[in-house]
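1. Any chance you could fold what I've pasted below:
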Amino acid sequence: MKTQLIKIIGKSMLLGVALLHLFSCSKSDDYKKYIKDGEISYTGKIDSIQVYSGKERVYITGLFMADPKIERLKVYWDNRQDSTELTINRTSGVDTLKLSLPIREGVHNFEFITFDGQGNKSLSVFKTGISYGERYGSGLLNRPYYTTGYFAGDQNTTIAWGGIDLTSGATFTEVEYTNTAGKLVIQRDSIHIGESILKNYLPGKPYRYRTLFIPDTLSVDTFYTNYVTQILPKEIYLKNMNFPFQTAAMAGSRWGTPADWQLNDAAKNFKHTDNNFYGGIEIRSNQACLSLEAGWWQWATPSPNLAPIVNGKMYQTTNLQPGKYRFTITKLDKGAAGTVHLVAAKGTQLPDQANLAAASLAYKVISGTDAVLEFNLSEASAVTIGLLGNMPGTASDGSYIKITGNMTFDVLP
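-> Next up, the predicted model:
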């Protein structure tokens, strides 16, 4: 029994050895059919490929680094439905591929293969890129604006922008306007800025703007919306012109100083207990009116106070182009004593009363319940407009002017 088992095992081992020898011979012969034309030789692959998106194109960069024998590069896309081939002139160092490839809008898969002079090719390198076109561009909307205003005091136009979907690639707003030198200015501001300031803006000239889009972080091209055109900003020449007037500071509950209006020391004749001087504002019936007043010392607190006003000035300076202008005070209350002039003068100051005739564009004595002053300007200039007061006052009497209505400033035809 034991002898028979050994015979069986022996026969099995012999059969196994025979089969192993048979298969070994078969496999060693099979490889020859793959190298019947010689061993396969691969060229070096292109390295560091990057496919940038663009407008109806992609821009491709890469490096030829290791293999000096590379002579051609073939680029396939969309499952080899299309291709292009480039001749490569290798140098002894690292050479760079820069290829702008026109291609229809959409996502594309690219395959890159290099060849040497013998036709040997590299292994494939695969990359994906995007081309943007009319479909993308047709969905782009201009950033809206809320308000736009020109202030002649600083000659700037301010645009307050609305919101926009940043995922669309909105990046900049670009504004074209004419400056005071007559030159076209192109100003580009980040989409993240909520307000654009157009400096030295020429009033009366419209501006236009458009929105710029960069579709993604790899895009080499910028997309532009159509211009929004013929935008004329609202022109503001003077501030704090409406009753009740805004105050900059108060000395208690009655006397104060107005916002935006400038006052010289003579016009600030109310000394408060804080040892500061105020002027230009009086609160009447809980509303702030513009005011110049002197006298009534026994009622002033602390007393004596409200000293006589000599060449007291309350004014604003603006910048005007050549033309005809009108300044109007619609409602005022003027006491009998003292003299108050409404004055317009070139420059940044009002003249004293003695120099009115020589140094002003126009002036008039204020009387009645309103006042209107018109003047002409022959050249672009800073112009100062306001009140000039010469107002006596004693302990028992005084003089005053109170502006209790709106004021307007108009450009005349």
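2. what does the domain assignment say about this structure?
-> 47-134, 139-236, 247-412 (automatic domain parsing).
3. With mean pLDDT and mean neighbour count as added columns, please give the ones you listed in CSV.
-> Heads up, the C-betas are built off the backbone N, CA and C, glycines and all. Below are these laid out as CSV (pLDDT from 0 to 100; neighbours: other C-beta atoms under 10 Å):
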stretch, mean pLDDT, mean neighbour count
domain 47-134, 96, 15
domain 139-236, 97, 16
domain 247-412, 94, 18
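4. okay if I get those as CSV plus distance to residue 41?
-> Output for those, formatted as CSV (distance: least, C-beta to C-beta, whole Å):
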stretch, distance to residue 41
domain 47-134, 5
domain 139-236, 35
domain 247-412, 79
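5. With residue 40 as the reference, name the closest of these.
-> For residue 40, the closest of the domains of the chain is domain 47-134, at 8.2 Å, according to C-beta to C-beta.
6. Any idea how far apart the tips of the closest one sit?
-> Using C-alpha to C-alpha, to the nearest Å, the end-to-end distance of domain 47-134 comes to 32 Å.
7. And residue 136, its phi and psi?
-> With angles defined as degrees, to the nearest 10, residue 136 sits at phi -70, psi -50.
8. Kindly report the same for residue 377.
-> Residue torsions, per degrees, to the nearest 10, at residue 377 are phi -130, psi 130.
9. Do I have it right that it meets residue 362?
-> No: using C-beta atoms under 8 Å, residue 377 is not in contact with residue 362, being 10.1 Å away.
10. which residues does the nearest residue to residue 413 once chain neighbours are set aside bridge with?
-> Closest residue to residue 413 apart from its sequence neighbours, by C-beta to C-beta, 6 or more residues apart in numbering: residue 324 at 7.7 Å. Beta-bridge partners recorded for residue 324 (DSSP bridges): residue 376, residue 412.
11. quick one: residue 324 from residue 373, how far?
-> Distance of residue 324 to residue 373, given as C-beta to C-beta, to the nearest Å: 12 Å.
12. All the helices of the stretch 251-400 of the chain, residue numbers only.
-> Using DSSP state H, counting those that start in this stretch, the helices of the stretch 251-400 of the chain run over 356-359.
13. Do you have the strands of it handy? List them.
-> All strands of the stretch 251-400 of the chain, identified by DSSP state E, counting those that start in this stretch, fall at 255-258, 262-263, 270-271, 277-278, 280-284, 287-295, 309-320, 323-329, 332-334, 339-346, 362-365, 371-377, 381-391, 398-403.
14. For the longest one, name the packing helices and strands.
-> Helices and strands in packing contact with strand 309-320 are listed as strand 262-263, strand 287-295, strand 381-391; criterion 3 or more C-beta pairs under 8 Å, 6 or more residues apart in numbering; DSSP states H and E.
15. In CSV, list those strands along with distance to residue 143.
-> Listed next are the helices and strands packed on strand 309-320 as CSV, based on distance: least, C-beta to C-beta, whole Å:
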stretch, distance to residue 143
strand 262-263, 37
strand 287-295, 38
strand 381-391, 34
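16. Out of those strands, which gets nearest to residue 73?
-> When the helices and strands packed on strand 309-320 are ranked by proximity to residue 73, the top entry is strand 381-391, at 66.0 Å, counting by C-beta to C-beta.
17. Run me through the strand neighbours of that closest one, direction for each.
-> Strand pairing for strand 381-391, using DSSP bridges, gives strand 309-320 (antiparallel), strand 339-346 (antiparallel).
18. who wins for proximity to residue 198 among these?
-> Comparing those under C-beta to C-beta, the one sitting nearest is strand 309-320, at 14.3 Å.
19. what distance separates that closest one from the centre of its chain?
-> Here strand 309-320 shows a centroid-to-chain-centroid distance of 35 Å under the convention C-alpha atoms, centre = their mean, to the nearest Å.
20. Now do that strand against strand 287-295, angle only.
-> Calculated by axes from the mean of the first three to the mean of the last three C-alpha atoms, to 10 degrees, strand 309-320 forms an angle of 140 degrees with strand 287-295.
21. ok, the spatially most central residue of the chain - contacts?
-> The centroid of the chain falls nearest to residue 189 when counting by C-alpha atoms, centre = their mean (2.7 Å). By C-beta atoms under 8 Å, 6 or more residues apart in numbering, residue 189 lies in contact with 172, 173, 175, 196.
22. could you check the distance from the second one over to residue 192?
-> Which is residue 173. Separation of residue 173 from residue 192 (C-beta to C-beta): 10 Å.
23. quick one: the helices in the stretch 101-250 of the chain?
-> 134-137.
24. For it, which segments count as strands?
-> Remark: strands assigned in the stretch 101-250 of the chain by DSSP E, counting those that start in this stretch are 106-116, 125-132, 145-151, 156-161, 170-178, 184-190, 195-198, 207-213, 223-224, 228-231, 234-236, 247-251.
25. residues making contact with the second one?
-> Read that as strand 125-132. Contacts with strand 125-132, where a contact means C-beta under 8 Å, 6+ apart, come from 45-46, 49-58, 60, 103-113, 215-216, 218-219, 221, 223.
26. got it, and the fifth one?
-> The contact list for strand 170-178 (C-beta under 8 Å, 6+ apart) reads 143, 157, 159, 161, 164, 184-191, 196, 198, 201-202, 205, 207-214, 222, 224, 227.
27. contacting residues for the nearest residue to residue 281 once chain neighbours are set aside?
-> Excluding its sequence neighbours, the residue lying closest to residue 281 (C-beta to C-beta, 6+ apart) is residue 256, at 3.8 Å. By C-beta under 8 Å, 6+ apart, the residues touching residue 256 are 247, 248, 249, 250, 278, 280, 281, 282, 283, 288.
28. need the residues you listed in CSV with distance to residue 342, can you?
-> Below are the contacts of residue 256 laid out as CSV (distance: C-beta to C-beta, whole Å):
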residue, distance to residue 342
247, 22
248, 22
249, 25
250, 26
278, 22
280, 15
281, 18
282, 19
283, 23
288, 20
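29. and which of those residues is nearest residue 393?
-> Residue 393 lies nearest to residue 282 out of these, by C-beta to C-beta, at 14.2 Å.
30. Test my guess that the closest one contacts residue 255.
-> Yes: Residue 282 is within contact range of residue 255, at 6.2 Å (criterion: C-beta under 8 Å).
31. if we can go back for a sec, columns distance to residue 308 on top of the strands of the stretch 101-250 of the chain, output as TSV?
-> As requested, the strands of the stretch 101-250 of the chain are arranged in TSV below (distance: least, C-beta to C-beta, whole Å):
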stretch	distance to residue 308
strand 106-116	83
strand 125-132	75
strand 145-151	35
strand 156-161	39
strand 170-178	49
strand 184-190	50
strand 195-198	43
strand 207-213	50
strand 223-224	65
strand 228-231	50
strand 234-236	35
strand 247-251	19
